[in-house]
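**Student:** Give me a model of this one.
(2 chains)
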Amino acid sequence: MHRKTILQAREDLKQKKYSAVELTEAVYQRIDDVESKVQAYIHLTKKQALEQAREADRRLSAAEEAPLLGIPIALKDLICMQETRTTCASQILDQFISPYDATVVKRLKGAGAVIVGKTNMDEFAMGSSTESAWHHPSMNPWNLERVPGGSSGGSAAAVAANECIGALGSDTGGSIRQPANFSGVTGLKPTYGRVSRFGLIAFASSLDQIGPMTKTVADSALLMNVISGKDPLDSTSADVERPDFMKSLERSVSGLKLGVPKEYFTSGIDPEVEHSVQEAIKTLESLGMEKVEVSLPHLEYAVATYYVIACAEASTNLSRYDGVKYGYRSEKNDNLLDMYMNTREEGFGEEVKRRIMLGTFVLSSGYYDAYYLKGQKVRTLIKQDFENAFQESDVIVAPNAPITAFKLKERVNDPLKMYLSDIYTISANLAGIPGMSVPCGISKSDGMPIGVQLMSKHFDEESLIAVGHRFQQATDHHLRQPPL
Amino acid sequence: MSGKFNIDNIAQLARLKLTDAEKERLGGHLEQIIEYIDQLNRLDTEDVEPTSHVLPIHNVFREDEVSQSGATPDYLTGSPSHQKGHYEVPKII
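**Tutor:** Numbers count the residues shown, from 1 in each chain, chains lettered A, B, ... in the order given. This next block holds a predicted model:
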């Protein structure tokens, strides 16, 4: 049962092959069996989940219709759920109980979902491996010595290991797409503004987006239907019509122009990754898409631009953690300033401190123009690159990451090298466009999953879903299971 | 690099009481990262407008209507120290 996709489980529940309670219990049984190896979750919400499942069964037997009735979903632990811990994988928020539901949680609950638990992540979503998590790292279900990617590594691992039926993650610079890629699942970062950020603990507010992490593209389409849309509680959520993303699954992709950016296939990419992505491009061509070469000439500046902007925003957003309103407070608190400084010193992990320091520096007097303003200007150039590329193409195809999942501890002492593993995903956040990672192969040399990235214009997730779904109909990469 | 980076000053601004070992380690990383970021100077951005937000956004007005917000006690329970409906902090001066 735990291996089902959302759409399969939904059908089975409707046909009463099993109940929502049985499905939920099967997922918790699976968690009992593999969680000690994978460590995908920070904490489980079993009591509420079983109540939600019982309620779903009542609604199912009354033949009620709701998109996620009885479906066990996991949430990245920076999405607030009422009366539940939301830790951000940080000591500073370890005991924080959210007083309200994030808008996406409200919508999931309204759609009948069963919330399984809160998944592990890099502390405050700052990382690419889920190793900066305060409680414990997570392991890649494909190889327990390797990372699941990050920062939504717990959600990716939980989906890959069938410890939930679907999950939500968040993506600031690739944090949905890169772990989806590393763990062999599907991950969609929507257009900035498509999904409300109310109740998402902020990392970099102009880049953060919540999105689905699922076993198939079709499941992501269904979750998008539930979580998307204007929210009065998030003034940056876009007032655009939400299409029925399930309809995109029926759409033909024949004649769509597939842009291949030459800069993504230069030095530094693992040959096996490149080979798999090139094979995926051939498959997409065989589906009737027309390949065109496009150029995104400022790709090489994306990582530098991102770290200026994301860290600047983070240093501001994280100033609220000072031991007053919530979370951890240092015992060493003789006066207010000492309390602030000791609380933050003790409560934050190293990567978070590094980024707060970098962000404080680029915003500091005398360096603001040279770094922060410069970064914002280069962001414009990167955004224009995509506008130009989308003049000639409908969907851009590229690798997600230059490598497959690396080993635990391999990169923790070299932050710059860790940052560079995000080079292919960061641009979509800077430009605000949607991006999706879809499994496209397994590396022969290390046995780890490889994914292909699809990107489209602002608010054109429909094309990504159409292309991704056709690709999954034509291939079986997404059906492979980790040897767990 | 550069000596641009005064780690004591930045740590003070960031409200972080770093240990000496951290200063050394983070300082080294940050110098390396800032050197990497300096490659942005290769680009001429003289006539480029900065982007702070990717979508056109406008000031959001709404009717000034009374609505229900969370109750104060719900928000206070997250605080490490509070008294009589207020946050409690160490002495300020």
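**Student:** which residues sit in contact with the residue lying closest to A:I269 once chain neighbours are set aside?
**Tutor:** Closest residue to A:I269 apart from its sequence neighbours, by CB to CB, 6 or more residues apart in numbering or on different chains: A:P402 at 4.6 Å. To be clear about C-beta, it is placed using only N, CA and C from the backbone, and glycine gets the same treatment. Going by CB atoms under 8 Å, 6 or more residues apart in numbering or on different chains, A:P402 touches A:G268, A:I269, A:D270, A:V273, A:L420, A:S421, A:I423, A:Y424.
**Student:** Run through chain B and note the low-pLDDT ranges.
**Tutor:** Applying pLDDT under 70 to chain B flags the ranges B:1-3.
**Student:** At the geometric centre of the chain, which residue do we find?
**Tutor:** Picked chain A for this. A:I176 (2.1 Å; CA atoms, centre = their mean).
**Student:** my bad, chain B
**Tutor:** Centre-nearest of chain B using CA atoms, centre = their mean is B:A14, 7.6 Å out.
**Student:** What helix or strand is the closest residue to that residue other than its chain neighbours located in?
**Tutor:** Using CB to CB, 6+ apart and skipping residues adjacent in sequence, the residue nearest B:A14 is A:T360, 4.2 Å away. Assigned by DSSP states H and E, A:T360 belongs to helix A:350-363.
**Student:** just to revisit the earlier point, how much space between the residue nearest to the centre of chain A and B:K91?
**Tutor:** With distances taken as CB to CB, to the nearest Å, A:I176 is found 45 Å from B:K91.
**Student:** do the same with A:G323
**Tutor:** In terms of CB to CB, A:G323 sits 14 Å off from B:K91.
**Student:** Looking at the two, which has the bigger crowd around it?
**Tutor:** A:G323 (25 against 9; other CB atoms under 10 Å in any protein chain shown).
**Student:** Quick check: that one touching A:E345?
**Tutor:** No: A:G323 lies out of contact with A:E345 (CB atoms under 8 Å); the separation is 10.7 Å.
**Student:** Pull up the overlap in contacts between those two.
**Tutor:** Any residue near both A:G323 and A:E345 by CB under 8 Å, 6+ apart counts here, and that gives A:S330.
**Student:** ok, back up a step: of the contacts of A:P402, which is the nearest to chain B?
**Tutor:** Of all these, the one with the least separation from chain B (CB to the nearest CB) is A:L420, at 8.9 Å.
**Student:** If we ignore the residues flanking it in sequence, what's nearest that closest one?
**Tutor:** Nearest one to A:L420, counting by CB to CB, 6+ apart, is A:V303 at 5.9 Å.
**Student:** Kindly report the same for A:E300.
**Tutor:** With CB to CB, 6+ apart, the residue lying closest to A:E300 is A:E263, at 7.3 Å.
**Student:** Let's see stretch A:70-83 as CSV, backbone CA atoms only.
**Tutor:** Extracted C-alpha coordinates of stretch A:70-83, given in CSV (Å, rounded to 0.1, in the frame of the first residue of the first chain):
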residue,chain,number,x,y,z
GLY,A,70,-7.3,10.1,3.1
ILE,A,71,-3.9,10.6,1.3
PRO,A,72,-0.8,10.6,3.7
ILE,A,73,1.3,13.6,3.0
ALA,A,74,4.6,14.7,4.6
LEU,A,75,5.6,18.3,5.2
LYS,A,76,9.0,19.8,5.3
ASP,A,77,9.6,21.1,8.8
LEU,A,78,9.5,24.8,7.9
ILE,A,79,5.9,24.7,7.0
CYS,A,80,3.8,25.6,10.1
MET,A,81,1.0,23.4,11.3
GLN,A,82,-1.1,24.4,14.2
GLU,A,83,-0.3,23.0,17.6
